[in-house]
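**Student:** Could you work out the structure for the sequence below:
(one chain, ligands or ions: 1)
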Amino acid sequence: MFEEILPGLYRIKVPLPGSPLKATNSYVIKGTERSLIIDTGWNREDCMAALVSGLNECGVDSKQADFFITHMHADHAGLVSTLAGEGARIYFGWADAEIIRSATPEHWEKQIDFARKCGFPGEELERAIGSHPGRRYSSSNSLNLCVSKDSDTISIGDYLFECVETPGHTAGHICLYERDKKIFICGDHILVDITPNITLSAEERNPLKEYLMSLDKVYDLDVELVLPGHRSIFRNQKERIQELKQHHQIRLKEVISILGKGKQNAFQIASQMTWDISYKSWDLFPPAQKWFAFGEALAHLKYLEEEGEVGWGMEKQRIMFFITQNKKETHK
Ligand SMILES: [Zn+2]
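**Tutor:** Numbers count the residues shown, from 1 in each chain. The predicted structure is shown next:
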């Protein structure tokens, strides 16, 4: 199924069976010689069938197309290696490209070890990792990536896009801005019906801080139409940015109030946070959703730690978080 959003710019909804995201929005811009396909869906047959039939309907041959991938997650990058023809350019944010290039088979081992230290129970952890879409549906072949940075431009048909780096959802997340037409193609940086997952894994970043800075970075862009990676297309970018910033401030306060009960590990904290998901209790969350919630709790803990509000220490081989009295004066 495809729809023409603007002349020569189409959206194809690629279903994500079993995921609360429901579908990935793949955008296609038809050019005279080559076209541009933005994000693809998981590397599995039903996603492939949906995308290929949408491309056929809008008269685009994937072998004559270049690809722009907003970020490395499998629901965006999954099909690119199967679809891309020889010589296709695959634009990718530099930091995500770096992560893909340096990925080792030990990547998941490290994640598992870190999660265990943060209190994720062993059996559920195996199920969470086993069902993780990033592990099951990512690109099958190595990709020849065309690394993109801020202010790089991509000209296609009547459109001239500027790349805008927006680290947060992933370290190398990148958006496309069409200045004249006031269109912002934003991957998972700004979503309207759901909030983008901001997650920390076994690394030394502060993704929530990066994310909030990336929201500020795009706030002043003159945008009339936002084309996100999932769910509805929308117009009120500024209002949505304010809501997302407020959402994270509420979450930060919630984490502090949970920690007010005493020292806890990240899994315990995640289990008490408010999640906008249709399961009645934490125990009923599928392991994969617990994994995303847990990563999100960690991102908030990391932010609070760098602000001086939260500290941590090891106790019986577990990382335990607690409130400190050293809150930075600059933090509001
Ligand atoms: Zn996504």
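**Student:** What residues sit buried inside stretch 137-157?
**Tutor:** Buried residues in stretch 137-157, defined by neighbour count with 16 or more other CB atoms under 10 Å: 137, 138, 139, 143, 145, 146, 147, 148, 152, 154, 156. Where you see a C-beta, it was placed from the backbone N, CA and C, and this is true even at glycine.
**Student:** Can you give me the first-to-last residue distance of that stretch?
**Tutor:** With CA to CA, to the nearest Å as the measure, stretch 137-157 spans 31 Å from end to end.
**Student:** same check, this time on stretch 213-231
**Tutor:** Counting by CA to CA, the length from the leading to the trailing residue of stretch 213-231 is 23 Å.
**Student:** Among the buried residues of stretch 137-157, which pair sits farthest apart?
**Tutor:** Pairwise distances across the buried residues of stretch 137-157 (CB to CB) peak at 28.0 Å, for the pair 137 and 152.
**Student:** ok, the residue of the stretch 101-250 of the chain found nearest the ion - contacts?
**Tutor:** Proximity to the ion, evaluated over the stretch 101-250 of the chain using CB to the ion, is greatest for residue 188 at 4.4 Å. With contact taken as CB atoms under 8 Å, 6 or more residues apart in numbering, residue 188 is in contact with 70, 71, 73, 76, 169, 173, 196, 197, 228, 229, 230.
**Student:** if you set the cut-off to 7 Å instead, what comes out?
**Tutor:** Residues in contact with residue 188, defined by CB atoms under 7 Å, 6 or more residues apart in numbering, are 70, 71, 169, 196, 229, 230.
**Student:** ok, now residue 84?
**Tutor:** The contact partners of residue 84, taken as CB under 7 Å, 6+ apart, are 67, 90.
**Student:** Helix, strand, or coil at residue 217?
**Tutor:** In the three-state summary, residue 217 is assigned as helix, counting by DSSP: H, G, I helix; E, B strand; the rest coil.
**Student:** Next one: it, what pLDDT does it get?
**Tutor:** With respect to pLDDT, residue 217 has a value of 98.
**Student:** Okay, residue 266 and residue 179: tell me how far apart.
**Tutor:** If you measure residue 266 against residue 179 using CB to CB, to the nearest Å, the figure is 41 Å.
**Student:** which one of those two has more residues nearby?
**Tutor:** The neighbour count for residue 266 versus residue 179, taken as other CB atoms under 10 Å, is higher for residue 266 (29 against 14).
**Student:** Following element in sequence after the lowest-mean-pLDDT helix or strand in the chain, please.
**Tutor:** Within the chain, confidence by mean pLDDT, DSSP states H and E is lowest for helix 133-136 among all helices and strands, at a mean of 72. For helix 133-136, the succeeding helix or strand toward the C-terminus, using DSSP states H and E, is strand 145-148.
**Student:** can you list contacts of that following strand?
**Tutor:** Contacts of strand 145-148 (CB under 7 Å, 6+ apart): 89, 90, 91, 92, 93, 94, 97, 163, 174.
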